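S.K.: below are the sequence and a predicted model; questions follow.
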Amino acid sequence: MRRVPLALLAALTCVTTCHAQVLKRVTVSHEGKSDFHTLQEAVDHAPADGEEIRVAPGTYREKIHISTPNIHLIGTGKKPQDVVLSWNDSAKSAGGTGKSGSVSVDADGFMAENLTIENTWELEHTRTEEGSQAVALLMSSDRAVLDNVRLIAAQDTLYANSRTCHENLPKDGSPPPPGRAACQASRQYFRNCYIEGHVDFIFGDAKAVFDHCELHARHNNNVMFTAQSRQFPEEDSGYYFLHSRITGNPQPGDKLVLGRPWRTYATVLFYDTDIQPKLSADGWSEWGGRLKTSTYREYRSHGPGVNGGQRIVTYPPLSREEEKRLTPRALLAGSDGWDPIHAADGLRSRR
């Protein structure tokens with residue numbers, strides 16, 4: 001049996017474990033010596049295989065679009081509040097919800113660590129019935145990682161979306177024709193993140209895991225934490241909230257629910273959630289009669305706001321085998337064996 005030379009073995013191993021270390025590294029700062037003074041300029045000059053961008057403390061008031069794969073943003077402050085990426089578009093001002101994002105990402109391998117992304121539109125304008133959707137982060141990226149990141153807006157804060165399952169879908173949002181091939185949605189991992197908003201403030205059809213995150217409800221008459229949009233049974237998408245926390249300071253009359261179905265097969269699971277503000281006893285909300293085809297599940301919730309026992313949807317008990325698979329690795333491995341924990345740890349080690 002021939003032995004593989006150690007140098008070759010190391011090179012082969014590095015294909016999957018060392019990519020982050022070989023990315024070009026640049027710096028961004030408003031003041032002092034740095035490679036760039038705006039983040040968009042750094043993104044625009046990134047090589048085709050990606051770049052690590054180290055962002056100095058400060059508020060970067062710019063609308064950012066990322067279409068290059070493997071862009072890694074690292075805030076170099078002591079806490080995520082020290083680096084703020086901020087803009088103030090809305091669906092009305094930008095010409096659609098999908099154009100309103102302060103940061104928009106449509107390339108794979110995106111990562112961000114130790115920073116804040118915000119959309120300040122609702123703080124600066126009077127809310128209207130139509131056009132008030134104002135996205136902080138629109139992310140249609142596979143193998144994406146956000147670690148210790150704050151996402152702040154009001155309606156439609158986080159658009160956790162997928163490019164891979166949209167081909168040839170009806171434009172009106174109706175179910176696709178029978179015989180649709182199975183589709184692996186874009187996989188996204190959120191760890192130790194803070195996400196703030198009110199109406200549908202986490203939405204889209206990515207396969208996303210939220211691990212030890214905080215969901216903070218802003219005041220609004222109706223607060224829906226999720227509006228997942230899985231459109232057909234063969235699409236492998238859904239939102240999974242693991243060991244997370246729900247906070248907020250609702251005013252009398254505010255109704256808080258875990259989600260409502262934006263599309264026909266919306267899929268959301270909450271597991272081991274610390275719920276502080278009082279939820280509506282219904283737990284979930286109807287939207288266009290799609291509750292009957294959606295998959296909404298909630299297990300081991302605790303805290304003063306649970307208000308359980310009267311949920312509008314029913315779901316089976318959680319089996320031991322299902323519970324064992326409620327881990328980021330098991331949920332997001334996909335066909336290529338991606339390890340989101342390893343990716344997040346590698347990102348954090350470079351700060």
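M.R.: Structure's in. What do you need?

S.K.: can you verify my assumption that S86 contacts I64?
M.R.: No. With contact defined as Cβ atoms under 8 Å, S86 does not count as touching I64 (10.0 Å). No exception for glycine: its C-beta is placed from N, CA and C like everyone else's.

S.K.: the two: which is more packed in?
M.R.: Relative neighbour count places I64 above the other of S86 and I64, with 21 against 18, counting by other Cβ atoms under 10 Å.

S.K.: model confidence at that one, what's the number?
M.R.: I64 is assigned 98 on the pLDDT scale.

S.K.: list the residues that contact it.
M.R.: Residues near I64 by Cβ atoms under 8 Å, 6 or more residues apart in numbering: L39, Q40, V43, L85, W87, S102, V103, S104.

S.K.: can I get those residues in CSV with distance to Y299 and neighbour count?
M.R.: As requested, the contacts of I64 are exported to CSV (distance: Cβ to Cβ, whole Å; neighbours: other Cβ atoms under 10 Å):
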residue, distance to Y299, neighbour count
L39, 40, 20
Q40, 42, 16
V43, 40, 22
L85, 35, 25
W87, 37, 22
S102, 34, 28
V103, 32, 29
S104, 34, 19
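
S.K.: from those residues, which land in helices?
M.R.: L39, Q40, V43 (DSSP state H).

S.K.: just to revisit the earlier point, what's the overlap in contacts for S86 and I64?
M.R.: Counting by Cβ under 8 Å, 6+ apart, the residues touching both S86 and I64 are S102.

S.K.: picking that back up, now pLDDT and distance to T68 too, for the ones in helices among the contacts of I64, in CSV please.
M.R.: CSV is the format used below for the ones in helices among the contacts of I64 (pLDDT from 0 to 100; distance: Cβ to Cβ, whole Å):
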residue, pLDDT, distance to T68
L39, 98, 13
Q40, 98, 12
V43, 98, 7
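
S.K.: for the spatially closest residue to V43 that is not a sequence neighbour, what are its contacts?
M.R.: Closest residue to V43 apart from its sequence neighbours, by Cβ to Cβ, 6 or more residues apart in numbering: I66 at 5.5 Å. Contact partners of I66, counting by Cβ under 8 Å, 6+ apart, are V43, V103, S104, V105, D106, A107, F110.

S.K.: measure the most centrally placed residue in the chain to M224 for me?
M.R.: Residue closest to the average C-alpha location in the chain (Cα atoms, centre = their mean): A160, at 4.3 Å. Distance of A160 to M224, given as Cβ to Cβ, to the nearest Å: 15 Å.

S.K.: please apply the same query to F190.
M.R.: The value you get for F190 to M224, if Cβ to Cβ is used, is 18 Å.

S.K.: more crowded one of those two?
M.R.: F190 (30 against 25).

S.K.: is it true that the more buried one touches D211?
M.R.: Yes. Counting by Cβ under 8 Å, F190 touches D211, with 6.7 Å between them.

S.K.: what's across from the residue nearest to V43 in the sheet?
M.R.: Note on I66: beta-bridge partners by DSSP bridges are V105.

S.K.: give me the buried positions along the helix or strand encompassing A330.
M.R.: Taking DSSP states H and E as the definition, A330 sits inside helix 328-332. Residues of helix 328-332 classed as buried under the neighbour-count rule (16 or more other Cβ atoms under 10 Å) are P328, L331, L332.

S.K.: next, count neighbours for G77.
M.R.: 17.

S.K.: quick one: it is in a strand?
M.R.: No. Secondary structure of G77 (DSSP: H, G, I helix; E, B strand; the rest coil): coil, not part of a strand.

S.K.: now the strands for the stretch 51-200 of the chain?
M.R.: 51-55, 58-61, 64-66, 71-75, 83-87, 103-105, 111-119, 137-139, 144-152, 158-160, 183-184, 187-191, 194-197 (DSSP state E, counting those that start in this stretch).

S.K.: and the ones you listed: which comes nearest E322?
M.R.: Nearest to E322 among the strands of the stretch 51-200 of the chain is strand 187-191 (19.1 Å), distances taken as Cβ to Cβ.

S.K.: and that closest one, how far out from the chain middle?
M.R.: 6 Å (Cα atoms, centre = their mean, to the nearest Å).

S.K.: D274 and T226: what is the separation?
M.R.: For D274, the distance to T226 - Cβ to Cβ - is 17 Å.

S.K.: out of these two, which sits in the more crowded spot?
M.R.: Legend: neighbour count by other Cβ under 10 Å for D274 and T226, higher for T226 (29 against 16).

S.K.: run through the bridge partners of T295.
M.R.: T267.

S.K.: okay but it is in contact with T267, surely?
M.R.: Yes. If you go by Cβ under 8 Å, T295 and T267 touch, sitting 4.5 Å apart.
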